[in-house]
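> Curious how this folds, go ahead:
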Amino acid sequence: MKKSKVLVVGGTGYIGKRIVKASLDQGYPTYVLQRSELGLQDIEKLQMLLSFKKHGAHLVRASFSDHQSLVDAVKMVDVVICTMSGVHFRSHNLLLQLKLVKAIKEAGNIKRFLPSEFGMDPARMGDALEPGRETFEEKMMVRKAIEEANIPFTYISANCFAGYFVGNLSQPGTLVPPMDKVVIFGDGNVKVVYMDEDDIATYTMKTIDDPRTLNKTLYISPSENILSQIELVQIWEKLIGKDLEKYNISSKSYLSALEGMDHAMKAGSGHLYHIFYEGCLTNFEIGKDGEEASRLYPEVVYTRMDAYLKRYL
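Numbering: from 1, shown residues only. Okay, the predicted model is just below:
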């Protein structure tokens with residue numbers, strides 16, 4: 001089967017650069033959006049784009065302030081993958097994605113669109129704490145626009161990025177594992193899904209020509225990466241040969257601490273509450289509108305978290 005031509009929007013970002021690499025590695029004709037507005041402050045982005053080009057990607061100049069340039073870019077490909085950061089999704093990235101949806105609708109040739117999600121499934125987060133709920137609401141606004149425009153889609157729910165949640169044993173405020181003491185959310189036994197970011201990209205690219213994932217959500221939740229925080233800590237303790245001193249934070253204490261945080265910190269910490277206290281990544285069954293990645297693609301050798309943590313020794 002002839003492989004689809006793929007346009008990656010946001011290809012220099014944290015997940016985007018991995019999507020570009022996975023696309024090239026899997027043999028897809030890969031196009032990367034190069035924004036016309038690149039300035040002196042974007043030197044590292046430009047160098048990354050040129051590196052993509054060196055490895056076989058095609059750079060496509062376009063601007064979100066020039067609708068026709070987006071339409072022209074979209075017409076060059078079969079699949080569009082948007083990987084713009086959703087960390088501070090509010091307003092700006094929402095508007096950009098809605099512009100992209102409009103361009104895809106007008107182009108009329110796209111066989112699959114993957115919007116910028118890659119985290120928790122926003123369709124399951126309608127009761128999330130404020131202000132963190134804003135992120136999910138805006139992602140649902142993008143989904144609504146996609147579906148109203150009758151654009152074929154796949155949504156990617158990739159759960160917890162290992163770089164942010166595994167290397168630090170899920171400790172706020174750091175990216176490296178503790179060597180003496182560790183904070184445990186609740187009793188630490190709630191199940192969480194941890195994923196290597198490169199594996200997320202690999203699974204994502206597997207979906208784009210797969211009819212089984214058309215108009216569905218792909219949940220990247222391989223069984224061996226479904227671990228509690230305590231299990232994750234125990235892996236690290238075994239690797240370093242010592243037990244860490246553990247401090248448990250009750251649900252009540254955690255919620256109380258949220259009140260003194262600024263807007264951005266409160267939003268992110270609210271997401272952590274749903275993950276580590278409510279188990280929002282694992283407390284449901286995948287229905288007919290979803291598929292699980294490792295079941296669809298058993299040939300992918302995904303990174304287990306003991307192997308991931310060894311890099312920090």
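
> all contacts plus neighbour counts: C-alpha atoms, from now on.
Fine.

> looking at it, residue 166 is touching residue 306, isn't it?
No. Counting by CA atoms under 8 Å, residue 166 does not reach residue 306; the two are 9.7 Å apart.

> More neighbours: which of the two?
Neighbour totals were compared for residue 166 and residue 306, and residue 166 leads with 25 against 16 (other CA atoms under 10 Å).

> what sits against that one?
Residues counted as contacts of residue 166 (CA atoms under 8 Å, 6 or more residues apart in numbering) are 194, 232, 305, 308-309.

> From those residues, pick the one nearest residue 145.
residue 194 (29.6 Å; CA to CA).

> which residues in the chain form helices?
16-25, 43-54, 67-74, 92-107, 133-148, 162-165, 197-207, 229-240, 251-258, 263-276, 293-296, 305-309 (DSSP state H).

> Can you add neighbour count and distance to residue 170 and give the contacts of residue 166 back as a markdown table?
Formatted as a markdown table, the contacts of residue 166 follow (neighbours: other CA atoms under 10 Å; distance: CA to CA, whole Å):
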| residue | neighbour count | distance to residue 170 |
| --- | --- | --- |
| 194 | 28 | 10 |
| 232 | 23 | 9 |
| 305 | 21 | 13 |
| 308 | 15 | 14 |
| 309 | 21 | 12 |
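
> Among the residues you listed, which one lies nearest to residue 282?
Of the contacts of residue 166, the one sitting nearest to residue 282 (CA to CA) turns out to be residue 194, at 11.2 Å.

> ok now do that closest one, which residues does it touch?
Residue 194 sits next to 159-162, 165-166, 221, 225-227, 305 when contact means CA under 8 Å, 6+ apart.

> confidence score at the nearest residue to it once chain neighbours are set aside?
Distance criterion CA to CA, 6 or more residues apart in numbering; nearest residue to residue 194, sequence neighbours excluded, is residue 160 at 4.8 Å. Residue 160 is assigned a predicted lDDT (pLDDT) of 97.

> Could you point out which residue ranges in this protein have low pLDDT?
Applying pLDDT under 70 to the chain flags the ranges 86-90.

> Grab the most central residue of it for me.
residue 118 (2.4 Å; CA atoms, centre = their mean).
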